[in-house]
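> my questions concern the predicted model and sequence given below.
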Amino acid sequence: TTVAMGGESTVVRLGYADVQWQLSRWVDVSVVNAGDGWHEHPTQALLDCYTIRAELGRSLDGLHVAIVGDIKHSRVARSNVLALTALGARVTLVDSSKLALELAARAAELNGLACDYRQGDAFAAMEELHKEGAQFEMVLAAPPAFATAKKDTAPGMNGPGKAPRPAARAVQPERVVGRR
């Protein structure tokens, strides 16, 4: 239909994996991935990049960003790594799962990207990074990663509030962004 109407591109967002890639093989127009099952969520990554730029009032080139939380299951985190590094930011991924960080490192390598990785509990890892002198201009956090007890998880889903702030001494003041 897009080709018949004379369109030059089509934007596809579906809950199924690899639909955009398959569609791009069948049509002679550009296919824009606006969300791909469990793999990617590039539109959210673009919005995050826009928000960071607006918040800081400058380009993302040279920015040091920490992405903290469930990297393995977060399509937004994966998309943010691609978007932030493409815009010149340095990214540090923090996750309690060794496997998640190994998979992230392999994906970064396959895509020609360079990231830093830290395994551990969100609080402990951010404290450790702070003690080592790491400074982040921005932290993208899955608030449940900062919940110290199950009862704290639901309030954390409503935004960053005060949940991640105790762990964020390595972050410049007021530079913690929560994720729903």
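Thanks, I have it.

> now the strands for the chain?
In the chain, the strands defined using DSSP state E lie at 9-14, 30-36, 64-68, 90-95, 115-119, 138-141, 176-178.

> so the longest one versus strand 9-14, what angle?
With axes from the mean of the first three to the mean of the last three C-alpha atoms, to 10 degrees applied, the angle from strand 30-36 to strand 9-14 works out at 20 degrees.

> which one of the strands of the chain lies nearest to residue 79?
strand 30-36 (9.1 Å; C-beta to C-beta). For every residue, glycine as well, the C-beta is placed using N, CA and C.

> average pLDDT for that closest one?
Averaging pLDDT along strand 30-36 yields 84.

> report the buried residues of that strand.
Using 16 or more other C-beta atoms under 10 Å as the test for burial, strand 30-36 gives 31, 33, 34, 35, 36.

> and those residues, which is closest to residue 76?
Of all the buried residues of strand 30-36, the one sitting nearest residue 76 is residue 35; the distance, using C-beta to C-beta, is 10.0 Å.

> out of everything not next to it in sequence, what's closest to that closest one?
Nearest residue to residue 35 in three dimensions, chain neighbours excluded: residue 13, at 3.8 Å (C-beta to C-beta, 6 or more residues apart in numbering).

> residues contacting the spatially most central residue of the chain?
Residue closest to the mean C-alpha point of the chain, counted by C-alpha atoms, centre = their mean, is residue 77 at 2.5 Å. Taking C-beta atoms under 8 Å, 6 or more residues apart in numbering as the criterion, residue 77 is in contact with 67, 69, 70, 71, 93, 140, 142.

> now it: how far from residue 128?
Separation of residue 77 from residue 128 (C-beta to C-beta, to the nearest Å): 20 Å.

> for residue 28, same thing?
In this view, residue 28 and residue 128 are 51 Å apart by C-beta to C-beta.

> those two: who's more crowded?
residue 128 (15 against 8; other C-beta atoms under 10 Å).

> my read: the more buried one touches residue 121, true?
No. Assessed by C-beta atoms under 8 Å, residue 128 is found out of contact with residue 121, at 9.8 Å.

> stretch 34-49: end-to-end distance?
15 Å (C-alpha to C-alpha, to the nearest Å).

> got the end-to-end distance for stretch 10-30?
6 Å.

> residues of it that come out buried?
For stretch 10-30, by 16+ other C-beta under 10 Å, it's 10, 12, 19, 20, 23, 24.

> try stretch 81-101
81-85, 89-96, 100-101.
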